[in-house]
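Colleague: Based on what follows, work out the 3D shape:
(one chain, ligands or ions: 1)
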Amino acid sequence: MGLSRSKSIIMIIGGLQKFSLLDYPDRVSAIVFTQGCNFHCQFCYNPMLVWPFQVSKSKYAQEEIIGQQKVHPMINQDDLFVFLRSRAGKLDAVVITGGEPCLQKNLLEFIAKIKKLGFLVKLDTNGSYPEALAKLIKEKLIDYIAMDIKAPEKKYKEVTGVEVDFQKIKKSVRIIMQSELAYEFRTTMVPGLLNKDDIGEMGKIIKDANKWYLQNFKSNIELVGRDLEQQVPYNAWQMKQMAQIGSQYVNKCEVR
Ligand code: SF4
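Modeller: Sure, this is the predicted structure:
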């Protein structure tokens, strides 16, 4: 497999899902997974995208160097665009997710190239790169943003596994809410990490937002935090109760 490189646009692409009815609201999309993340959320079920070298079952056989960075390119960018061109007019949208897409240096150019093919673009982000977000919005390169609210401020480090500049999270929230784009916030509710008392604190961060989805966490799969793999998720009633609390802060808070 070659480097993910096309016309000097360097993107580290960890995977491609060619078809989804779920990831872009009311649209048919393809999903591009970028590789690498600055967070190490314990509940993350994409450890191969967060730290491919540490994943025991890694299927990444090759290793290449881009700049100072070792990567395991999974998807050749030229092949990706051959695929996308073949789907122009058939798929509505491309979802860019990760990992954390905004840490990719050529994200803007990459998305511009996708937009030229006529696709809507949805960006999934952890909100730690407000400048990149602002630039993408200013250049009219994204149509929908989904940002994670990981925890109340006091728990951000515990939940993400890293020191987080919380001002950047708040700045991203402001940028998104002040944009005219469609957006959603989302939070993964992990028993033992987050509970219903945290909902109000998080609700204040995104007060009056349009949509906030509470996601139940998936266990029994390979997670970044191996200790969580046996954790029992919240039941439907508990999730609904937490969504009701969330509804006091935003226009719509639902379980997903
Ligand atoms: S921000 Fe997303 S991709 Fe990164 S570790 Fe957390 S859940 Fe995984």
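Colleague: Most proximal residue of the stretch 51-200 of the chain with respect to the ligand?
Modeller: In the stretch 51-200 of the chain, the residue found nearest to the ligand is N126; the distance is 3.9 Å by CB to the nearest ligand atom. Any C-beta I mention is one placed from the backbone N, CA and C, and that applies to glycine too.
Colleague: in the stretch 151-256 of the chain, which spans are helices?
Modeller: Here the stretch 151-256 of the chain has its helices, by DSSP state H, counting those that start in this stretch, at 156-160, 166-178, 196-205, 236-246.
Colleague: can I get those in TSV with distance to I31 and mean pLDDT?
Modeller: Output for these, formatted as TSV (distance: least, CB to CB, whole Å; pLDDT from 0 to 100):
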stretch	distance to I31	mean pLDDT
helix 156-160	22	96
helix 166-178	20	98
helix 196-205	26	97
helix 236-246	24	98
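Colleague: For the stretch 101-250 of the chain, just list every one of the strands.
Modeller: 120-125, 144-148, 182-189, 211-216 (DSSP state E, counting those that start in this stretch).
Colleague: Could you check how far the longest one is from the centre of its chain?
Modeller: Right, the one you point to is strand 182-189. Strand 182-189 sits 10 Å away from the centroid of its parent chain (CA atoms, centre = their mean, to the nearest Å).
Colleague: That one to helix 166-178, inter-axis angle?
Modeller: On the basis of axes from the mean of the first three to the mean of the last three CA atoms, to 10 degrees, strand 182-189 is oriented at 140 degrees to helix 166-178.
Colleague: could you give the mean pLDDT of strand 182-189?
Modeller: Strand 182-189 shows a mean pLDDT of 97.
Colleague: now the last one
Modeller: Over the span of strand 211-216, the pLDDT mean works out to 96.
Colleague: Alongside the ligand, which residues does the stretch 51-200 of the chain contribute?
Modeller: G98, G99, E100, N126 (CB under 6 Å from any ligand atom).
Colleague: Now, those residues that are in strands?
Modeller: The members of those all map outside strands under DSSP state E.
Colleague: Could you single out the nearest of these to F119?
Modeller: G98 (18.1 Å; CB to CB).
Colleague: Let me see the contact set for the closest one.
Modeller: By CB atoms under 8 Å, 6 or more residues apart in numbering, the residues touching G98 are G14, F33, T34, Q35, G36, C37, N46, L49, D124.
Colleague: Now do the contacts for the closest residue to it other than its chain neighbours.
Modeller: Residue nearest to G98 in three dimensions, not counting chain neighbours: T34, with 4.6 Å by CB to CB, 6 or more residues apart in numbering. Counting by CB under 8 Å, 6+ apart, T34 touches 11-14, 49, 96-101, 104, 107.
Colleague: of those, buried ones?
Modeller: 11-14, 49, 96-101, 104, 107 (16 or more other CB atoms under 10 Å).
Colleague: Flag the least confident of the residues you listed.
Modeller: Among the buried ones among the contacts of T34, L49 has the weakest pLDDT, 74.
Colleague: give me the number of residues near V255?
Modeller: For V255, the number of neighbouring residues by other CB atoms under 10 Å comes to 18.
Colleague: Quickly list what it is bridged to.
Modeller: L214 (DSSP bridges).
Colleague: how near is it to S247?
Modeller: Counting by CB to CB, to the nearest Å, the gap from V255 to S247 is 11 Å.
Colleague: hmm, back to that, and of the helices of the stretch 151-256 of the chain, who's closest to Q42?
Modeller: Across these, closest to Q42 is helix 156-160 (CB to CB), at 7.0 Å.
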